[in-house]
Each structure stands twice: as structure tokens, then as C-alpha cells.
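J.: Mind looking at a prediction? Sequence and model below.
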Amino acid sequence: MRHDLPGQYYFGADMIVAPVVEPIGEDSMGAVSVWLPEGEWFDTAHGGTLSIKSPSGESFKRRYLLSETPAFVRAGSVIPTLQGAARLDSTSYENLSIVAYPGEGGEHLLYEDDGTSQGYLSGQSVTTRIDHRTTATTRTVRIRPAEGAYRGWSRRRDIEIQFRNELPPVAESRWKVGSQGNLSNHRALVV
């Protein structure tokens, strides 16, 4: 991470956040200086993929609305989120959503514990591996069986999967398509 870019930080291993910290101009937008390491990155605010070729990374400047939070996600990443959660006061994540970003693929190990006790020190926790793969014709998210347990954890729950920058399927799917919409003004397929 570049030390001379104020406010920019990693949020986990696959996301870099670069908030608007400069005054906004007459166009209601502020300039944001961003450094990204080598690789493909998805700009969640603008909806495009950036290709960083230099092994030492690249710096650039973009403009964003003050209401936008510029976040750059490594291409192919899967990021778990909670829909509508104001606080984490439940022992099992409800309204879990998995967001799959454009790219060849990635994986995430979701960790859960009761959030209140020290039971995790004696193994009272759950991990779930989530894989995302893209081929020429398909994008797949696979949620592996959970490992572990703790008091209050629910083995059964609804999980929403969002495929960012994806058009609706043209063929029958074994999944019910929940909605197609603009999330942050960018296409997303939700199942």
C-alpha cells in the first residue's frame, strides 16, 4: 500500500477502499488517488475492470461522487456480505449474500462464531469454503459443506448469490433467478 495516498486501505485480502477525502468540485465529484497492485481489479463504483500490468503496481486518479465509496475488488473474488444488517447481534449470519465479481475465479473461507463468548478458543466455530469459477460459457459459485459447530449456529439458511456485471441467463437454470437489477448502477444477476 502506498503511504502517500491518504485514506486508502485494504479491507480483507481482495478489496482496496479509497474513500473520497478531497474537496468536491463544481461537478459534485472529488478526485481520488488510488494505487493498485498488479492484476485485474473491478471498480465497484464505476463498474469497470482495471488491468494493472506493472509488478510494482500503478497509481492513478479518478473522480467520484461524494456519495460513492470507491472500492476495488480483485477480479474473480467472492465477497460475503450481510443484507440489511445494522449490527451483528445474531449467533448465525442471517441474510447472507455472496457477491461474485467478474474474473477467472477466486475463493473465500467464511468464518463464523457466536460473537460473544471465548468458545472460539476451544474450536467452537464454523468455516465454510466458497469457490467462484468462470469458463467461456458459465460462472459458478460453489458453497462447500460447513465444518465445525457452535451453540446457536444454524445449518439451514437462505443465501443470496449475486453475479456482478452479468446478464440474465438465456437458458433454463436449476436456480430460480431472484432478480435482475442495478446494484450501484451496475448489472447484477441475483439467484
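T.: All right, it came through fine.
J.: ok, residue 145 - contacts?
T.: residue 128 (Cβ atoms under 8 Å, 6 or more residues apart in numbering). Just so you know, the C-beta spots here come from the backbone N, C-alpha and C atoms, and that holds for glycine as well.
J.: go with 10 Å
T.: 128, 129, 155 (Cβ atoms under 10 Å, 6 or more residues apart in numbering).
J.: how far away is the first one from residue 15?
T.: Translated: residue 128. 19 Å (Cβ to Cβ, to the nearest Å).
J.: cool, the last one as well?
T.: According to Cβ to Cβ, residue 155 stands 28 Å off from residue 15.
J.: Check whether residue 51 really touches residue 43, as I assumed.
T.: No: counting by Cβ atoms under 10 Å, residue 51 stays clear of residue 43, with 11.6 Å between them.
J.: okay, and the common contacts of those two?
T.: residue 36.
J.: Same drill for these two, tell me which one is more crowded.
T.: Per other Cβ atoms under 10 Å, whichever of residue 51 and residue 43 has more neighbours is residue 43, with 19 against 11.
J.: And the pLDDT at the more buried one?
T.: In this prediction, residue 43 carries a pLDDT score of 95.
J.: for stretch 82-102, the distance to its chain's centre please.
T.: 11 Å (Cα atoms, centre = their mean, to the nearest Å).
J.: Also stretch 106-116?
T.: 14 Å.
J.: list the buried ones in it?
T.: The neighbour-count check on stretch 106-116 (16 or more other Cβ atoms under 10 Å) flags 106, 108, 110, 112, 113, 114 as buried.
J.: cool, and stretch 83-102?
T.: 91, 92, 93, 96, 97, 98, 99, 100, 101, 102.
J.: How about stretch 123-141?
T.: 124, 125, 126, 128, 130, 132, 133, 134, 139, 141.
J.: Just the ones of these in strands?
T.: 125, 126, 128, 130, 132, 133, 134, 139, 141 (DSSP state E).
J.: Among those, find me the one that's closest to residue 66.
T.: residue 132 (31.5 Å; Cβ to Cβ).
J.: in the sheet, who's paired with that closest one?
T.: residue 106, residue 141 (DSSP bridges).
J.: For residue 166, see how far away it is.
T.: 12 Å.
J.: where does this protein have low pLDDT?
T.: 1-6, 85-90, 168-191 (pLDDT under 70).
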